[in-house]
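K.L.:
Provided below are the primary sequence and the corresponding predicted coordinates.
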Amino acid sequence: MEPLEAVPQVPSLDERTPPAGLLPAEVADRRARGLANIARDRTSRSVVDILRGNIITRFNAILGAMLAIVLVLGDPRDGLFGLVLIANSAIGIVQELRAKRTLDSLSVLHAPRLRVVRGGEVEEVPAVDLVRDDVIELRAGDQVPADGVVVASDALEVDESLLTGESDAIAKHEGDHVLSGSAVIAGTGRFQATAVGEAAYAHRLAAAVRAFSLVHSEVAAGIDRILKWVTLGLLVVGPLLFWNQLRHDGVADALIGAVAGVVGMVPEGLVLLTSLAFGVAAVTLARRQVLVQELPAVEVLARVDVVCLDKTGTLTEGSIALDRVVVLGDADPAWVHDALGAIAADEAANATLLAVRAAHPAPPGWDRVAGVAFSSARKWSATGFAAQGAFWLGAPEMLLAGSAGEARRLADEIAGTGARVLALLHDAGPVDGETVAPSARPVALVVLAEQVRPDAADTLAYFRAQGVTLKVISGDNPLTVGAVARRVGLEVGVPVDARTLPTDREALAAVVDEHTVFGRVTPEQKRAMVGALQSRGHVVAMTGDGVNDALALKAADIGVAMGSGAPATRAVAKLVLLDGRFDRMPGVVAEGRRVIANVERVANLFLTKSTYAALIAIAVVLGSWRYPFLPRHLTIVSSLTIGIPAFFLALEPNAQRYLPGFVGRVLRFAVPAGVIVTLGVLVAYGLARQDGAPLVESRTLATLALVVIGLWVLGLLARPLTPLRTVLVVALAAAVPVGAALPFVRQFFDLSFGGVLGVTRTLLVAACTCGVLEAWWRLRRRPASLG
């Protein structure tokens, strides 16, 4: 992939689209020429990638080569592992295609819609219906859907930090370029699209980033490390085993013996069951209205130890209503209400102005002549009128800064009750850029009411009970944020005004670690606070719904957006709560924990098998013995003690808390358990050889010992034995004597148990080995149970 330029050149306008926009025939022509805004969906892999990923794998190649050797030189019955190979790939493909269909349909259903000008009318269309040269209307909170050139601007400001890392608001005037992926933070405007779909900068950048910057999955990374070690072991043990078998048999039989050893070492179902667990979790969450945009995100949320919450839209409903207007000084109440109505009569009104407009309609005779749009950085907006002068509406801390008068005292008092408060200032002069006139005087306080989410208190209590630290980070008044946090049961302490926060990362991390509630936080500060927590080893989740949250969501280990949030915020989130219900979060955590705990349990099974298979192979090489199993014998062992039970264990409920160190825990179980299993099998096989038993009988008794000991290992990992797990283990154990009693089973698998003495001795050896495993299990100091 060619490197992307840091500041790309947006294609110039080949031809200016008329202000009325494209005609239907022109839209159809561009769509026919492939100039539509179509790009690959990032919620899932393509069908080709799914097929390739499940068929062309390292272990499929190894097992496929082993299968070919068996079918050419040996008995086809020894190729049963090939059926497991096919089944693994088929199950993986079917499950991932089902997950793809569910996630893709959900993604399309909740895809952002755009306002485009076509045929003189503004209409809403899905983002994929956009074509090159469309004229798109932009408002605060929108994400720019394509590269283009501004054709109209009314105080339009965009934030390109998601693309460039620079968070300054950039004013856009007619003729300026805009980049897809940037966010509108103030004003309104229109632009003509010059690059759409895969040609747009944001899509090209995303493709480059995804190559090396996906959500980090400890489970996936750990399994990849384990598989690399197993592969290296295969390259060493396989040739040694073949060489050893040549000392006893011809080339064909030596190859079959080597195949048995190699097949035993391959954890063929581990990758499948890991993918299956992630896929099932994503589909389960989709049914609960949670869109997973990257599958490992489910696991990451289970590892989170700090959750940063935005107040508006997360702790509160997000809808705002005008509670009251407190007129200050000698201002005329009727004139103040008219002023508010005129200010709110803005076609790009945000949620605050819409709440004001609902209570105060626009009066006649107020002609708007100038304005400065609201932004999260300055936290105020300005409107100038021809005859009535200039007004500023925004945060009291910004507009009344340095004022210790009655207005500021009253604003703080009201904010302390949990209400949002805005100050309204007036000056007879005009609006002068982005500065507040020194002579402007406060004429009113606007009090807004927000409804606390009914599910917020219980959800936060759940996180606290799970040992997760909560931080409330908001752009509102610290007193307001603190009051809302208390209403949902948080220990607030002293709310921190973010304007007093240090810029040094270490100092910032100390403050953020110590305090819980932060107000008047800018978007850049939110990102810095997330980074400061991460610098102290925390795994951080950030929730939010506004465009001012997008930077922090992008920087967090896991970003969670509300479905009703700004398009720019939903675009960078790894999880989207489509119905906006905050109480979905415990369910997401539970799914992540189920994935991690069950994959760890399954990995213990598979790696124990790889360990004892490798050690047995090394032991027979050192002892110059024939390999104690045929490939079909290991198919019995793998099916009864690993493959079948692993499928059930990987998908059952599991609420075990996450603990770091996945690979270390797996190895601390698999290696000692594998050593003990190896010793038990070698003793059983060695005693049979010592008695002069035929090779077929010795191999049968070794298989019997391995099945019995393997079932005990399964029983250890299935603890505590729930009814489902008990039925599973008992059923698998019962299959052993039932199968051994059936003549066609014995004939097919080439089993010959010999006399009662040999079987009894083998079962005693297996029982002693199980006793050693049990003693070792009880002596182990486990950090948590596998419940």
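P.N.:
Okay, I see it. Numbering: from 1, shown residues only.
K.L.:
give me the element the nearest residue to L667 once chain neighbours are set aside is part of.
P.N.:
Nearest residue to L667 in three dimensions, chain neighbours excluded: L607, at 7.3 Å (Cβ to Cβ, 6 or more residues apart in numbering). (C-beta placed from N, C-alpha, C; glycine too.) Using DSSP states H and E, L607 sits within helix 585-623.
K.L.:
just how off-centre is that helix within its chain?
P.N.:
The chain centroid and the centroid of helix 585-623 are separated by 23 Å under Cα atoms, centre = their mean, to the nearest Å.
K.L.:
could you list the buried residues of it?
P.N.:
Using 16 or more other Cβ atoms under 10 Å as the burial criterion, the residues of helix 585-623 that qualify are 585-586, 588-621.
K.L.:
and after that helix, which helix or strand comes next?
P.N.:
helix 631-638.
K.L.:
can you name every helix or strand that that following helix contacts?
P.N.:
In terms of contacts (3 or more Cβ pairs under 8 Å, 6 or more residues apart in numbering; DSSP states H and E), helix 631-638 is packed against helix 81-109, helix 251-265, helix 585-623, helix 695-717.
K.L.:
now the angle between helix 585-623 and the last one, please.
P.N.:
The directions of helix 695-717 and helix 585-623 differ by 150 degrees, with axes from the mean of the first three to the mean of the last three Cα atoms, to 10 degrees as the criterion.
K.L.:
okay, the angle between helix 695-717 and helix 631-638?
P.N.:
Interaxial angle of helix 695-717 relative to helix 631-638 (the same axes, to 10 degrees): 20 degrees.
K.L.:
other SSEs contacting helix 695-717?
P.N.:
Applying 3+ Cβ pairs under 8 Å, 6+ apart, one finds that helix 695-717 contacts helix 585-623, helix 631-638, helix 662-690, helix 723-741, helix 756-779.
K.L.:
same thing with the shortest one?
P.N.:
Secondary structure elements in contact with helix 251-265, counted by 3+ Cβ pairs under 8 Å, 6+ apart, are helix 58-73, helix 218-246, helix 585-623, helix 631-638.
K.L.:
with adjacent residues omitted, what lies nearest to the most centrally placed residue in the chain?
P.N.:
In the chain, the residue lying closest to the centroid (Cα atoms, centre = their mean) is A297, at 1.7 Å. Of all residues not flanking A297 in the chain, K574 sits nearest, at 3.9 Å (Cβ to Cβ, 6+ apart).
K.L.:
what segments of the stretch 451-600 of the chain are strands?
P.N.:
For the stretch 451-600 of the chain, the strands defined by DSSP state E, counting those that start in this stretch cover 469-473, 496-497, 517-519, 540-544, 558-562, 575-577.
K.L.:
do the stretch 251-400 of the chain as well
P.N.:
For the stretch 251-400 of the chain, applying DSSP E, counting those that start in this stretch gives strands covering 290-292, 306-309, 316-327, 368-372, 380-385, 389-394.
K.L.:
quote the end-to-end distance of stretch 307-323.
P.N.:
Across stretch 307-323, the terminal residues are separated by 31 Å (Cα to Cα, to the nearest Å).
K.L.:
would you indicate which residues of it are buried?
P.N.:
Going by neighbour count (16+ other Cβ under 10 Å), the buried part of stretch 307-323 is 307-318, 320, 322-323.
K.L.:
who's in contact with the nearest residue to I91 once chain neighbours are set aside?
P.N.:
Among residues not flanking I91 along the chain, L272 sits closest, at 6.4 Å (Cβ to Cβ, 6+ apart). The contact partners of L272, by Cβ atoms under 8 Å, 6 or more residues apart in numbering, come to N54, N88, S89, I91, G92.
K.L.:
about what we covered before: the residue nearest to A297 reaches K554, doesn't it?
P.N.:
No - taking contacts as Cβ atoms under 8 Å, K574 lies outside contact range of K554: 9.8 Å.
K.L.:
those two: which is more packed in?
P.N.:
Under the criterion of other Cβ atoms under 10 Å, the comparison of K574 against K554 puts K574 first, with 25 against 19.
K.L.:
do you know how far that one is from L714?
P.N.:
Distance, K574 to L714, using Cβ to Cβ, to the nearest Å: 35 Å.
K.L.:
how much space between G53 and G92?
P.N.:
Shown here: G53 relative to G92, a distance of 8 Å by Cβ to Cβ.
K.L.:
which one's more surrounded, these two?
P.N.:
When neighbours are counted by other Cβ under 10 Å, G53 and G92 differ, and G92 comes out ahead with 24 against 16.
K.L.:
what's the closest non-adjacent residue to that one?
P.N.:
Once flanking residues are discounted, G92 sits nearest to N54: 4.1 Å by Cβ to Cβ, 6+ apart.
K.L.:
ok and the helix or strand the one you found falls within relative to helix 58-73, angle-wise?
P.N.:
Element membership for N54 (DSSP H and E) is helix 47-55. Following the same axes, to 10 degrees, one obtains 60 degrees for the angle between helix 47-55 and helix 58-73.
K.L.:
then helix 47-55 to PDB, C-alphas only?
P.N.:
The C-alpha trace of helix 47-55 is given here as PDB (Å, rounded to 0.1, in the frame of the first residue of the first chain):
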ATOM      1  CA  VAL A  47     -17.000 -13.600   1.900                       C
ATOM      2  CA  VAL A  48     -13.700 -14.300   0.100                       C
ATOM      3  CA  ASP A  49     -11.700 -13.300   3.300                       C
ATOM      4  CA  ILE A  50     -13.900 -15.600   5.400                       C
ATOM      5  CA  LEU A  51     -13.400 -18.500   3.100                       C
ATOM      6  CA  ARG A  52      -9.600 -17.900   2.900                       C
ATOM      7  CA  GLY A  53      -9.300 -17.400   6.600                       C
ATOM      8  CA  ASN A  54     -11.000 -20.600   7.500                       C
ATOM      9  CA  ILE A  55      -9.500 -22.800   4.700                       C
END
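K.L.:
now that helix: buried residues?
P.N.:
Under the neighbour-count criterion of 16+ other Cβ under 10 Å, helix 47-55 has I50, L51, G53, N54, I55 buried.
K.L.:
in the protein, what secondary structure element scores lowest on mean pLDDT?
P.N.:
Ranking every helix and strand in the chain by mean pLDDT, DSSP states H and E puts helix 201-210 at the bottom, with a mean of 54.
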